[in-house]
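In: pasted the sequence and its predicted model underneath.
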Amino acid sequence: MKRLGSKTACWLGVVAAFSVGATLFPPEVTAQFTIVNRDNRGVRDEGDRLLDLGKFQLDRGLPKQAIASWQKAIVFYRLVNDQTAISRTLTMIGDTYQTIGARTDAQETYQTQLGFANTLKDPSVQISSLNRLSAIALIKDAPAEALPINKAALDLSRQYQHLFGTGTALHHSGLIAARYSDHFTAIKRYYASIPYRQDIRDFSGQAYTLINSGDSYMATDNFKAAITDYGWALTIARETHDLKLMAIATDRLIAPYLEIPNFYRIEDLLQNRTGIALVLNDLPTAILTQRQLGDLYLSFGYIPKAREAYQQSIDFAVKLRDDSAVRESYYRLQALDRS
């Protein structure tokens, strides 16, 4: 793999992060019939109450309490032998563990869920569990661990014509190839996944796939192709009003334009990135982008604009009460005044 330019490497060091987060899969395939003991309706109702309580707690920003409620719900579902309810509850527990960064717990939960899916002979849940497990392996930077899991997910998805599962598995297959620096194969797999994303209108999944294909183009110094794919992802983010996705795509676009370079496009992207950061109340990023905007103006001799950008960075840092950020931007402003 070719080395990235110093400007690009610095920028990606701040913002780079690939997205292989778990996604809830629609139940496209009917599971095998299982007997549920309905003699004690009150037991089942208590499980459902705890399930709803967990959802309420999660919506209120209490993920650990939500997990505890769902774990209690599973106890009641076991009493009535409702394995389908147990499997679906495990999905929510695993996804929430992922959200709070408890990957080992998430992995164990998905493995348990896969066991239920195998017992139920439920291909939809089998596929989603396998894709989640391969995602965790990729996040752990363990492509060798992800490879057989991903193959199983892809084979099963194709067997049952599971569009969401196939698109996700192909995306993960591309990520695995990229981990081995086989970016040509990675790009092929990313592009192969996009029609499946489009067929089910998974715009977010399509955009993140394009971001990853752009990353592979960057790794091979194909900056124009990277700009195309990052730009496509940014367009999707704008059309879907997804601010977080807009932030990621904008961050990625800055890197190839630094390599070409294109002053006016970089200026526009940095200004837009500051705006997104402010809407998201992300002052640390606003400080960084305004400082980089000042550096850009300075490199082209636009001193008044550089001074304005550095001052704005200082103002944001003061608002955040980040003394180190204030000093960093202030040193730049002082150096500018001495020049």
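Out: Yep, it's here.
In: alpha carbons only for contacts and neighbour counts from here, please
Out: OK.
In: contacting residues around stretch 133-153?
Out: In this structure, residues lying in contact with stretch 133-153 by CA atoms under 8 Å, 6 or more residues apart in numbering are 20-22, 103, 107, 110-111, 126-128, 130-131, 165-166, 169, 172-173, 175-176, 179-180.
In: and that stretch, how far apart are its ends?
Out: Distance across stretch 133-153, first residue to last, is 10 Å (CA to CA, to the nearest Å).
In: quick one: average pLDDT of it?
Out: Stretch 133-153 comes out with an average pLDDT of 96.
In: buried residues in it?
Out: Residues of stretch 133-153 classed as buried under the neighbour-count rule (16 or more other CA atoms under 10 Å) are 133-139, 143, 145-147, 149-153.
In: how does the chain divide into domains?
Out: The record's domain parsing of the chain by automatic domain parsing lists 38-121, 262-339.
In: could I get the ones you listed as JSON lines with distance to Lys188?
Out: Supplementary listing: those in JSON lines, determined by distance: least, CA to CA, whole Å:
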{"stretch": "domain 38-121", "distance to Lys188": "28"}
{"stretch": "domain 262-339", "distance to Lys188": "28"}
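In: could you dump these into TSV with mean pLDDT and distance to Arg189 added?
Out: Below are the domains of the chain laid out as TSV (pLDDT from 0 to 100; distance: least, CA to CA, whole Å):
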stretch	mean pLDDT	distance to Arg189
domain 38-121	92	25
domain 262-339	93	29
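In: figure out which of the ones you listed is closest to Gln159.
Out: In this view, the domains of the chain are compared for proximity to Gln159 by CA to CA, and domain 38-121 is the closest at 13.7 Å.
In: tell me how far that closest one is from the chain's mean position?
Out: Domain 38-121 sits 23 Å away from the centroid of its parent chain (CA atoms, centre = their mean, to the nearest Å).
In: out of the contacts of stretch 133-153, name the ones that lie in strands.
Out: In strands, judged by DSSP state E, none of the contacts of stretch 133-153 are found.
In: returning to what we had before: between the domains of the chain, which gets nearest to Gly205?
Out: domain 38-121 (16.4 Å).
In: tell me where the stretch 1-150 of the chain has helices.
Out: In the stretch 1-150 of the chain, the helices defined using DSSP state H, counting those that start in this stretch lie at 6-15, 41-59, 63-79, 83-99, 103-120, 123-139, 143-159.
In: out of those, nearest to Val279?
Out: Nearest to Val279 among those is helix 6-15 (17.7 Å), distances taken as CA to CA.
In: before we move on, back to that, could you dump the helices of the stretch 1-150 of the chain to CSV with distance to Arg332?
Out: As requested, these are exported to CSV (distance: least, CA to CA, whole Å):
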stretch, distance to Arg332
helix 6-15, 18
helix 41-59, 43
helix 63-79, 42
helix 83-99, 38
helix 103-120, 40
helix 123-139, 37
helix 143-159, 42
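In: identify, out of the ones you listed, the most deeply packed stretch.
Out: Highest mean neighbour count among the helices of the stretch 1-150 of the chain (mean count of other CA atoms under 10 Å): helix 123-139, with a mean of 26.
In: tell me the angle of that one relative to helix 103-120?
Out: Going by axes from the mean of the first three to the mean of the last three CA atoms, to 10 degrees, helix 123-139 is angled at 160 degrees with respect to helix 103-120.
In: number the residues from 803 up from this point.
Out: Will do, 803 is the new start, and the previous item becomes helix 925-941.
In: and helix 925-941, how far out from the chain middle?
Out: For helix 925-941 - counting by CA atoms, centre = their mean - the centre lies 15 Å from the chain centre.
In: also stretch 1122-1139?
Out: Using CA atoms, centre = their mean, the distance from the centre of stretch 1122-1139 to the centre of the chain it belongs to is 32 Å.
In: contacts for it?
Out: Under the contact criterion CA under 8 Å, 6+ apart, stretch 1122-1139 has outside partners Leu1085, Pro1086, Ile1089, Arg1093, Ile1105, Arg1109, Tyr1112, Gln1113, Ser1115, Ile1116, Ala1119, Val1120.
In: among those, which are in helices?
Out: When DSSP state H defines the helices, the subset of the contacts of stretch 1122-1139 inside them is Leu1085, Pro1086, Ile1089, Arg1093, Ile1105, Arg1109, Tyr1112, Gln1113, Ser1115, Ile1116, Ala1119, Val1120.
In: contacting residues around the second one?
Out: For Pro1086, the contacting residues are Ala1119, Leu1122, by CA under 8 Å, 6+ apart.
In: the fourth one too?
Out: Contact partners of Arg1093, counting by CA under 8 Å, 6+ apart, are Ala1111, Tyr1112, Ser1115, Ser1131.
In: and what of the last one?
Out: With contact set as CA under 8 Å, 6+ apart, Val1120 has these partners: Val1128.
In: one more: the first one?
Out: Residues touching Leu1085, when contacts are defined by CA under 8 Å, 6+ apart, comprise Ala1079, Phe1118, Ala1119, Leu1122.
In: please check those and keep the buried ones.
Out: Restricting the contacts of Leu1085 to buried positions leaves Ala1079, Phe1118, Ala1119, with burial counted as 16+ other CA under 10 Å.
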